[in-house]
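Colleague: next one to model:
(one chain, ligands or ions: 3)
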Amino acid sequence: RRTDDQNMDLGLESSLWVGNKRYRAVLTGWHFKWTEVDKKNRDKKTVLVPVAEVAGVEEGRVEILPQKSVEDTDKDFTVFYVKRSSGGGSYGLLWRLGRIQFSCASRVLRDQWTKHLRAALKTHSPLRPHRLLVFINPFGGKKKGRQIYHSLVAPLFELAGISSHVIVTERANQARDHLLKKDLTGFDGVVCVGGDGMFSELLHGLIGRTQQEAGLCENDPAVALQPCPLHIGIIPAGSTDCVCFATVGVVDPVTSALHIIIGDSQPLDVCSVHDVSAQVRYSVSLLGYGFYGDVLAESEKHRWMGPLRYDYSGAVVYLSNRSYSGIVQYLPADPLLSSPRDKTRCLAGCSVCSRSTERLFPHSSDSGSLYSSHFSQFSTDSEGEWVSVEGRFRCVSLTCMSSSCARSPLGLSPSAHLADGTGDLILVWDTHPLGFLKFLYRHTSTQDQFDLPFVEVHRVKAVRFSVPSGREEQEYEEIGGFSSEIDEGQRECVDTVSRNGSQQHLAQRAMTSERKAATPFLCGLCCKKSPSVSVWNCDGEILPFTKIVCK
Ligand SMILES: Nc1ncnc2c1ncn2[C@@H]1O[C@H](COP(=O)(O)OP(=O)(O)OP(=O)(O)O)[C@@H](O)[C@H]1O
Ligand SMILES: CCCCCCCCCCCCC/C=C/[C@@H](O)[C@H](CO)NC(=O)CCCCC
Ligand SMILES: [Ca+2]
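Modeller: Ligands and ions are numbered 1, 2, ... in the order given. Predicted coordinates:
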């Protein structure tokens, strides 16, 4: 890194006026600051803005939002920058467009300021995008995607000198297909205006395109995937917007637009989900079987309700009181490095994530080989020991990030990291309805949802899931409250660790007294037929297969 002294060629210092107040403005390369000076030449308040957070510099007195207006005066210039707002209890995560209009003593000085500021921007913000491909889903969330983009985002992109090619989608998967097939030359990034489903389309399109160009078959679980050269920007306009919330910290189109403008980026863990034979799917937030799969399947019938469909379907599925048999195998991550029960939160500059590259790819020097060495560890099962559990579950969830969203401000796994190469596997064993309600309710508060006797959480590198043989074909089974069949299921639950191919029995799970006490209550709720197999919810999309291998 160069120091400020070495950057004095970009520096500038002079008096400037804002209205009738005099300021001393200083540009040092990395920073632009202005200090009000009183009549006795004493310094008052200083505002310091990193050059990397300057969104744009305009000649004249300019306003952008809510509408653009320009007063073309030849001694004035306007600087737009990222201003952290404490609104909504988000402690500076909410960003607004700050604006200051300066007057100079002469036009020459004004031109010097605009020239120096723009040069500093080029030098100190080299990762800013110049050309973006924007996909708008006009039907996501509350169907406001187009309005959000045109009124809040496009003016900011224009200010920042970004040219955008906008496509309003006319069908599902259009954005994915475009990324897979069309010419992407000249674009520095892609943007989705929509929800998690739209993000997922772009993710699949970009990963697929990158593998195609590298001549790789992404459906082959043994293939080492190539990293994607393009970044994805998310303008939230969906129902859950979990990827946006968990990465940016707030769901706010202006904040997201500003992150895109200044070239911010956040690496993300992506989980590949393979069927036995069919196409691979990718997940970054929730891969969920049981409750979350059922909620999604139910909610698809009520899309017309908009974001409310999840609340309605959540209640319907909760009342149907289902649990499912399953065999879960997982490869634990190194417990010395982090744990899903620690109290860390993964934010920008997270120490676990900043060391993750080194840890995951210890012998590599460039990103191409980094990825190869990462995935080669999964092609052989030599690293670590697979743990196997079998029984009846309310839900089995795998999340690569916290998956926080407005419904669940701390998320499915509050201390999950965004880019540490691991996911958190949450096993919720069958329990009585009130116990499960307690588990769900804790997602909405700061209470630990893992501190319950029927919940387990494991930080993992890979997971396999299947249903016990015979179950796939069996479409319905009689549940009849906590019937003898469920007790049977409980007795089935065994934890095993496979060591050198041999299965070592660890524990027999017993039905807790809490569960037994709830049995009569349950009978009233669920004496009806229920499917024996659930579906997988993969970031809000239903997977057409049950048996999966994830890494
Ligand atoms: N023009 C379109 N018509 C119909 N469906 C579309 C169109 N464009 C995109 N889609 C699909 O709509 C689905 C849902 O979109 P999106 O994720 O934007 O909103 P959402 O489901 O309301 O929000 P969230 O995913 O955050 O819950 C996506 O899976 C996407 O493939
Ligand atoms: C008594 C109060 C009970 C309240 C229960 C709240 C539980 C909330 C947990 C929320 C977890 C969201 C995980 C994110 C998943 C997204 O990838 C996915 C796509 O947008 N959303 C859903 O599948 C939508 C899934 C919605 C589930 C409700
Ligand atoms: Ca992770």
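Colleague: where does the stretch 351-500 of the chain dip in pLDDT?
Modeller: 357, 360-383, 471-500 (pLDDT under 70).
Colleague: residues from it in reach of ligand 2?
Modeller: 403, 405, 407-408, 412, 437, 440-441, 443-444 (Cβ under 6 Å from any ligand atom). Glycine gets a C-beta too; all of them are placed from N, C-alpha and C.
Colleague: from the residues you listed, which land in helices?
Modeller: The members of these that map onto helices under DSSP state H are 437, 440-441.
Colleague: just want the residue of the stretch 451-551 of the chain that's nearest ligand 1.
Modeller: Of all residues in the stretch 451-551 of the chain, residue 540 sits closest to ligand 1, at 4.3 Å by Cβ to the nearest ligand atom.
Colleague: contacts only, for that residue.
Modeller: Neighbour list for residue 540: 195-197, 200, 240, 286, 296 [criterion: Cβ atoms under 8 Å, 6 or more residues apart in numbering].
Colleague: can you tell me which of those are in strands?
Modeller: Using DSSP state E, residue 286 are the members of the contacts of residue 540 that sit in strands.
Colleague: and of the contacts of residue 540, the nearest to ligand 3?
Modeller: Proximity of those to ligand 3 (Cβ to the ion) peaks at residue 286, which lies at 12.6 Å.
Colleague: and that closest one, how many neighbours does it have?
Modeller: Counted with other Cβ atoms under 10 Å, residues neighbouring residue 286 total 26.
Colleague: how near is residue 85 to residue 125?
Modeller: 21 Å (Cβ to Cβ, to the nearest Å).
Colleague: ok, residue 237 next?
Modeller: 26 Å.
Colleague: more crowded one of the two?
Modeller: For the pair residue 237 and residue 125, the greater number of neighbours falls to residue 237 (30 against 16), based on other Cβ under 10 Å.
Colleague: neighbour-wise, which of the residues of the stretch 351-500 of the chain next to ligand 2 leads?
Modeller: Of these, with other Cβ under 10 Å as the count, residue 403 tops at 27 neighbours.
Colleague: correct me, but residue 396 touches residue 289?
Modeller: Yes. Here residue 396 reaches residue 289: they are 4.5 Å apart, a contact under Cβ atoms under 8 Å.
Colleague: find residues that contact each of these two.
Modeller: Overlap of the contact sets of residue 396 and residue 289 (by Cβ under 8 Å, 6+ apart) consists of 326, 465.
Colleague: strand partners (parallel or antiparallel) of the helix or strand hosting residue 461?
Modeller: Element membership for residue 461, per DSSP states H and E: strand 455-466. Here strand 455-466 is paired, per DSSP bridges, with strand 324-332 (antiparallel), strand 423-429 (antiparallel), strand 548-550 (antiparallel).
Colleague: out of the ones you listed, which comes closest to residue 120?
Modeller: strand 423-429 (40.6 Å; Cβ to Cβ).
Colleague: excluding chain neighbours, what is closest to residue 216?
Modeller: Closest residue in space to residue 216, ignoring its immediate chain neighbours: residue 223 at 5.2 Å, by Cβ to Cβ, 6 or more residues apart in numbering.
Colleague: same check, this time on residue 106
Modeller: Distances taken as Cβ to Cβ, 6+ apart place residue 75 nearest to residue 106, at 6.6 Å, with adjacent residues excluded.
Colleague: what of residue 205?
Modeller: Nearest one to residue 205, counting by Cβ to Cβ, 6+ apart, is residue 179 at 2.8 Å.
Colleague: give me the number of residues near that neighbour?
Modeller: Neighbours of residue 179 under the rule other Cβ under 10 Å: 26.
Colleague: show me the contacts for it.
Modeller: By Cβ under 8 Å, 6+ apart, the residues touching residue 179 are 190, 202, 205-206, 208-209.
Colleague: mind giving me the packing neighbours of whichever helix or strand residue 119 is part of?
Modeller: Counting by DSSP H and E, the element that carries residue 119 is helix 107-124. Here helix 107-124 touches strand 12-18, strand 21-27, strand 54-59, strand 76-85, going by 3 or more Cβ pairs under 8 Å, 6 or more residues apart in numbering; DSSP states H and E.
Colleague: straight-line length of stretch 37-47, end to end?
Modeller: Start-to-end span of stretch 37-47 (Cα to Cα, to the nearest Å) is 12 Å.
Colleague: what's the domain layout of this structure?
Modeller: Domain assignment for the chain by automatic domain parsing gives 5-124, 131-261, 271-335+387-550.
Colleague: mind listing what the residue most central in space within the chain touches?
Modeller: What sits nearest the mean C-alpha location of the chain, by Cα atoms, centre = their mean, is residue 243, with 2.6 Å. Contacts here follow Cβ under 8 Å, 6+ apart; on that basis residue 243 touches 196, 199, 234, 268, 284-285, 401, 539.
Colleague: picking that back up, nearest to ligand 3, of the domains of the chain?
Modeller: Set against ligand 3 and scored by Cβ to the ion, the domains of the chain come closest in domain 271-335+387-550, at 4.5 Å.
Colleague: distance between the ends of that closest one?
Modeller: Distance across domain 271-335+387-550, first residue to last, is 6 Å (Cα to Cα).
Colleague: can you check stretch 175-189 too?
Modeller: End-to-end distance for stretch 175-189, by Cα to Cα: 14 Å.
Colleague: with stretch 404-414 instead?
Modeller: Start-to-end, stretch 404-414 (Cα to Cα) is 7 Å.
Colleague: near ligand 3 at all, it?
Modeller: No. Figure legend: stretch 404-414 not in contact with ligand 3 (Cβ under 5 Å from the ion); closest approach 8.8 Å.
Colleague: which residues in the stretch 151-300 of the chain form helices?
Modeller: For the stretch 151-300 of the chain, applying DSSP state H, counting those that start in this stretch gives helices covering 154-159, 174-181, 196-213, 242-248, 253-261, 291-300.
Colleague: with distance to ligand 3 and mean pLDDT as extra columns, can I get these in a markdown table?
Modeller: A markdown table is the format used below for those (distance: least, Cβ to the ion, whole Å; pLDDT from 0 to 100):
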| stretch | distance to ligand 3 | mean pLDDT |
| --- | --- | --- |
| helix 154-159 | 30 | 97 |
| helix 174-181 | 24 | 98 |
| helix 196-213 | 15 | 97 |
| helix 242-248 | 10 | 93 |
| helix 253-261 | 20 | 97 |
| helix 291-300 | 18 | 97 |
